[in-house]
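**Q** I need the structure of the sequence given here:
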Amino acid sequence: MKHNFCAGPAVLPQEVIEKSAQAVYDFAGTGISILSISHRSKEFQPVVDEATALVKEILDVPEGYSVIFVAGGASMEFCRIPYNFLNKKAAYLNTGVWAKKAMKEAKAFGEVVEVASSAEAIYSYIPKDYEIPADADYFHFTTNNTIYGTEIRKDLDSPVPLISDMSSDIFSRPIDVSKYNCIYGGAQKNLAPSGMAFVIIKNDALGKVERQIPTMLDYRTHIDNGSMFNTPPTFTIYSAMESLRWLKAQGGVKEMAKRAEARASKLYSEIDRNKLFKGTAAEEDRSYMNICWVMNEEYKELEADFMKFAQGKGMVGIKGHRSVGGFRASCYNALPMESVDALIACMKEYEAAH
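**A** Coordinates of the predicted model:
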């Protein structure tokens, strides 16, 4: 049996995979594949409508906000965010590669203030006690840092509107959407296959910048056209709808939060107990989604051997990012506890042999 710990594209619920596969052969009884049906067809419009409605329901999105699905992933939004929201100045928290890339894009549109950074410690912690400029148009932060295994699991207090990249922990816990002007992320972690971003936008926060925005980069274009201004990623939206149905049926984000904490607590306990390994992130900032660890120094030479051993036991995708090294177990919503138990058993067995 294979256990999928890939950081993304990531594990999806088995029933979502099966239903999506069936739709590839025959979508909604049309006899036509979801891969080749018109996005303007009467059969596909309900898919976009339901996926949009489920995001709003599951996250308790208040009135005055829109949900859209756009092609390009979160990296596309790094420039679309400042295009639409940055008039003069924006504040960014630098907690890793993706936060840094978002900040780089914003510098093309106005003044960018880096309020704090943990780069000097290879992003192994979340900075605290920083000051957000009160005259900033928004404060941007990345909630979960997939490469370094750190996470902000709360809605931050800020004197200015919040904008957040929640690519890798969206739908894993309740959030107060009303505190944000915009929440966005790539779909390929907790929502759907790759190829799409979700964006949740406060409508009256748009139209405030002085610059002209190209049609495709203007969020209002996609809001006004219900994510259908141009041909959308139809298969990804369909899979997202099935994933959201699954999430709702499982008990929603409150249940996902319980499961995330249980998975992470179990695996971190083993990392801390096992004499071969040690965690890389500050304990108070450890991610529930991406759990990172390395070999203790005295066992460093066993790293490649443990990787080979774990792969032989069916562990897939646990190689750490090159920036950190070691190992990474991505524990997204669809990952069953059985996979975590199997990884822990693997770590214990290897420890016993060495």
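
**Q** now the helices for the chain?
**A** Taking DSSP state H as the test, the helices found in the chain are 14-25, 45-58, 73-85, 97-106, 219-224, 234-250, 252-273, 303-312, 337-353.

**Q** tell me which residues of the last one are tucked away?
**A** By neighbour count, with 16 or more other Cβ atoms under 10 Å as the criterion, the buried positions of helix 337-353 are 339-340, 342-344, 346-347, 350-351. In this view, the C-beta of every residue, glycine as well, is placed from N, C-alpha and C.

**Q** how about the residues you listed in TSV, adding distance to E210?
**A** Supplementary listing: these in TSV, determined by distance: Cβ to Cβ, whole Å:
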residue	distance to E210
S339	50
V340	50
A342	55
L343	52
I344	55
C346	57
M347	56
Y350	59
E351	61
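
**Q** Show me what the nearest residue to F141 once chain neighbours are set aside is bridged to.
**A** The shortest distance from F141 to any residue that is not its chain neighbour, by Cβ to Cβ, 6 or more residues apart in numbering, is 4.2 Å, and that residue is L93. Beta-bridge pairing for L93 (DSSP bridges): A116.

**Q** can you tell me which residues contact L93?
**A** Contacts for L93 were tallied using Cβ atoms under 8 Å, 6 or more residues apart in numbering; they are 99, 114-117, 127, 130, 139-142.

**Q** hang on, isn't S118 packed against Y125?
**A** Yes: checked against Cβ atoms under 8 Å, the pair S118 and Y125 is within contact range at 5.2 Å.

**Q** What distance do you get for the closest residue to S243 other than its chain neighbours to F78?
**A** The shortest distance from S243 to any residue that is not its chain neighbour, by Cβ to Cβ, 6+ apart, is 5.0 Å, and that residue is V16. When Cβ to Cβ, to the nearest Å is applied, the distance between V16 and F78 equals 28 Å.

**Q** need the strands for the stretch 51-200 of the chain, in chain order.
**A** Defined through DSSP state E, counting those that start in this stretch, the strands belonging to the stretch 51-200 of the chain, from first to last, are 65-71, 89-94, 111-117, 139-142, 144-145, 150-151, 162-165, 180-186, 196-202.

**Q** I'd like these laid out as JSON lines, including mean pLDDT and distance to G317.
**A** Shown next, in JSON lines, are the strands of the stretch 51-200 of the chain (pLDDT from 0 to 100; distance: least, Cβ to Cβ, whole Å):
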{"stretch": "strand 65-71", "mean pLDDT": "98", "distance to G317": "25"}
{"stretch": "strand 89-94", "mean pLDDT": "98", "distance to G317": "26"}
{"stretch": "strand 111-117", "mean pLDDT": "98", "distance to G317": "28"}
{"stretch": "strand 139-142", "mean pLDDT": "98", "distance to G317": "21"}
{"stretch": "strand 144-145", "mean pLDDT": "98", "distance to G317": "17"}
{"stretch": "strand 150-151", "mean pLDDT": "98", "distance to G317": "19"}
{"stretch": "strand 162-165", "mean pLDDT": "98", "distance to G317": "22"}
{"stretch": "strand 180-186", "mean pLDDT": "98", "distance to G317": "17"}
{"stretch": "strand 196-202", "mean pLDDT": "98", "distance to G317": "21"}
